[in-house]
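Chemist: Compute the structure for the input listed below.
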Amino acid sequence: MSPHLHFRRTGHGETLVLVHGYLGGSAQWANEIRYLSSQFDVIAVDLPGFGDSHALTAPHTIGEFAHSVMDQLDALSITNFRLMGHSMGGMIAQEMARTAAQRITELILYGTGPLGSIPGRFETMAQSRERLQADGVAATAVRISARWFVHGEENPAHALCAQLACQASEGAALAGLNAMQAWDGRAALGGLQMPTQIIWGEHDRSYNFDQIQMLWRGIKNSSLAVIPGASHAAHLEKPAIFREIMLSCLNVNCCGHSSESAAPIHAQCDQSLKG
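Modeler: The predicted structure follows:
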């Protein structure tokens with residue numbers, strides 16, 4: 001069993017697990033924890049090597065990251081749960097859904113894709129590795145996290161993301177890049193049967209729409225919501241719209257159904273467009 005992860009847990013009801021992405025941490029979910037904890041038992045983990053789990057050794061594969069989260073849930077005696085993963089955390093969530101489908105009642109894939117090399121990313125994985133080793137974690141944290149916002153470092157939430165990113169060691173930052181690049185989840189998409197909501201910011205420079213479309217077309221029981229005027233950290237750039245999507249998805253069984261409160265969503269894409 002993996003060493004226990006740091007996590008934030010609050011609320012009551014059905015369990016909702018939140019998995020952050022590359023250079024992230026559980027602290028980024030403060031808003032989501034606050035408004036979801038009245039209806040859900042919310043557990044936001046810090047992945048090994050990142051956030052408040054920075055003292056733990058980061059795994060070298062997405063599968064091992066997934067195992068570390070599942071081991072923590074097992075230690076908490078969590079059997080069935082809803083699951084949201086962002087960015088690299090979305091890859092981890094897909095791997096969890098592939099290997100423990102019977103335990104996941106609903107899947108939310110946010111700002112992520114099924115191909116770990118992430119074609120079309122603002123820079124290649126090789127370039128990220130080279131710049132990380134040349135510039136160090138602190139400079140990389142500021143530079144990469146700025147790419148998650150439409151207005152870069154001008155966004156007030158950038159400081160939080162940069163601070164979280166700085167908690168990772170260089171070894172963890174490199175391990176995360178290597179784990180993503182080596183992972184390919186495309187073959188598993190057709191086997192994911194749980195209701196799935198896909199969320200994407202229309203100006204995301206990490207995952208372009210080709211990645212999102214692969215998820216949406218590949219997972220049969222899925223819906224897609226596009227957030228206007230947002231990039232990779234849409235939950236921090238457009239928190240009100242993100243909140244409406246989350247509440248609609250979690251309370252109305254998400255797929256193919258949207259509530260009137262979700263009106264600000266730029267596109268709740270028609271299922272017929274998949275074919």
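Chemist: I figured residue 246 was touching residue 34, is that so?
Modeler: No - the pair residue 246 and residue 34 fails to qualify as a contact (CB atoms under 8 Å) at a distance of 11.9 Å. Placement of C-beta: from N, CA and C, glycine included.
Chemist: between the two, who's got more neighbours?
Modeler: Higher neighbour count among residue 246 and residue 34: residue 246, with 24 against 13, using other CB atoms under 10 Å.
Chemist: Go ahead and measure how far stretch 221-240 is from the middle of the chain.
Modeler: Using CA atoms, centre = their mean, to the nearest Å, the distance from the centre of stretch 221-240 to the centre of the chain it belongs to is 12 Å.
Chemist: can you give me phi and psi for the residue nearest the centre of the chain?
Modeler: Closest to where the C-alpha atoms of the chain average out (CA atoms, centre = their mean) is residue 86, at 0.8 Å. With angles defined as degrees, to the nearest 10, residue 86 sits at phi -110, psi 130.
Chemist: Pull the number of nearby residues for residue 136.
Modeler: A count of nearby residues for residue 136, using other CB under 10 Å, gives 13.
Chemist: er, residue 156 I mean
Modeler: If you count neighbours by other CB under 10 Å, residue 156 ends up with 10.
Chemist: which SS class is it?
Modeler: Remark: residue 156 carries the secondary structure label coil [criterion: DSSP: H, G, I helix; E, B strand; the rest coil].
Chemist: try residue 58
Modeler: For residue 58, the reduced secondary structure class is coil; criterion used: three-state DSSP.
Chemist: wait, doesn't it sit right on residue 177?
Modeler: No - between residue 58 and residue 177 there is no contact under CB under 8 Å: 10.4 Å.
Chemist: okay, and the common contacts of these two?
Modeler: Taking CB atoms under 8 Å, 6 or more residues apart in numbering as the criterion, residue 58 and residue 177 do not both touch any residue.
Chemist: From the neighbour counts alone, determine which of these two ranks first.
Modeler: residue 58 (23 against 19).
Chemist: For residue 172, give me its contacts.
Modeler: Each residue near residue 172 by CB under 8 Å, 6+ apart is listed here: 48-50, 54, 57-58.
Chemist: switch the cut-off to 10 Å
Modeler: With contacts defined as CB atoms under 10 Å, 6 or more residues apart in numbering, residue 172 is in contact with 22-23, 47-50, 53-54, 56-59, 137.
Chemist: how about those, which pair is most distant?
Modeler: Checked with CB to CB, these reach their widest spread between 59 and 137, with 18.0 Å between them.
Chemist: who has more neighbours, those two?
Modeler: For residue 59 against residue 137, the residue with the higher neighbour count under other CB under 10 Å is residue 59, and the figures read 22 against 19.
Chemist: quick one: secondary structure of the nearest residue to that one once chain neighbours are set aside?
Modeler: Distances taken as CB to CB, 6 or more residues apart in numbering put residue 65 closest to residue 59, at 5.2 Å, once the chain neighbours are dropped. Under three-state DSSP, residue 65 falls in the helix class.
Chemist: Phi and psi next, for residue 8.
Modeler: phi -110, psi 130.
Chemist: my guess is it meets residue 27, correct?
Modeler: Yes - between residue 8 and residue 27 there is a contact under CB atoms under 10 Å: 7.8 Å.
Chemist: List the residues that are in contact with both of those two.
Modeler: Counting by CB under 10 Å, 6+ apart, the common neighbours of residue 8 and residue 27 are 33, 44, 46, 51-52.
Chemist: Closest one to residue 107 out of those residues, please.
Modeler: Nearest to residue 107, judged by CB to CB, of the shared contacts of residue 8 and residue 27 is residue 44 at 16.3 Å.
Chemist: Can you report how many residues lie near that closest one?
Modeler: Here the number of neighbours of residue 44 (other CB under 10 Å) works out to 24.
Chemist: In which helix or strand does it reside?
Modeler: Residue 44 is located in strand 40-45, with elements delineated by DSSP states H and E.
Chemist: cool, and residue 247?
Modeler: With DSSP H and E as the criterion, the answer for residue 247 is helix 239-251.
Chemist: helices or strands up against that helix?
Modeler: When contacts are defined as 3 or more CB pairs under 10 Å, 6 or more residues apart in numbering; DSSP states H and E, helix 239-251 sits against strand 14-19, helix 30-36, strand 81-86, strand 104-110, strand 196-201, strand 222-227, helix 234-237.
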